[in-house]
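Peer 1: show me the folded form of this:
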Amino acid sequence: MDGIETYWIWLVIGLALALLEMLVPGVYLIWLAMAALAIAVLAFVSAPPLALQVIAWVSLSLIFAFSARRWLRDRPIVSSDPLLNNRAGRLVGETALVTQAIASGTGRVKVGDSEWTARGEDAEAGARVRIVGARGTELLVEPVALIEG
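Peer 2: Residues are numbered from 1 along each chain as shown. So this is what the prediction gives:
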């Protein structure tokens, strides 16, 4: 090209795509960036025609993206805290205090410093219940059996 070597262009494209991947994470642009950086190395080493570089970039982008897709399908990324954004799910197993009697299957319980709508067996206000599940923002509760001395 006129005065500028094509490997510089591919290098800039690759770095720009990598930067965009960091700004807008989606695990897609990184494969295009890797392909562009590979073409920058290819252009530096052998300087093929621009049309061949573009074809190689498209091909490498597809190969990298589909290879990564298959790799991640076979080895999914497992979260260290799968309930991070599920506040009600994190409460399962906790003990709660009934603040509004559970009558006809519905009432309110206090967990920590917040109150939740609860569903479960009837219980009087002041009773202790164990949270066994969650459905939306409702907690599913059961009475806590008191252990005798």
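Peer 1: residue closest to the middle of this structure?
Peer 2: Centroid-nearest residue in the chain, with C-alpha atoms, centre = their mean: Ser79, separated by 7.7 Å.
Peer 1: now do that one against Ala101, distance only.
Peer 2: 38 Å (C-beta to C-beta, to the nearest Å). Glycine gets a C-beta too; all of them are placed from N, C-alpha and C.
Peer 1: one step back: name the SS class of the residue nearest to the centre of the chain, please.
Peer 2: Classification of Ser79 using DSSP: H, G, I helix; E, B strand; the rest coil returns coil.
Peer 1: for it, what are phi and psi?
Peer 2: The phi/psi pair for Ser79 (degrees, to the nearest 10) reads phi -70, psi 140.
Peer 1: from Ile55, how far out is it?
Peer 2: Distance of Ser79 to Ile55, given as C-beta to C-beta: 39 Å.
Peer 1: now do Asp113
Peer 2: For Asp113, the distance to Ile55 equals 62 Å [C-beta to C-beta].
Peer 1: so those two - more neighbours on which side?
Peer 2: Ile55 (13 against 5; other C-beta atoms under 10 Å).
Peer 1: in what element of secondary structure is the more buried one found?
Peer 2: helix 50-74 (DSSP states H and E).
Peer 1: need the residues that contact that helix.
Peer 2: The contact list for helix 50-74, computed with C-beta atoms under 8 Å, 6 or more residues apart in numbering, reads 1, 6, 10, 27-28, 31-32, 34-36, 38-39, 42-43, 48.
Peer 1: tell me the buried residues within these.
Peer 2: Thr6, Trp10, Tyr28, Trp31, Leu32, Met34, Ala35, Ala36, Ala38, Ile39, Leu42, Ala43 (16 or more other C-beta atoms under 10 Å).
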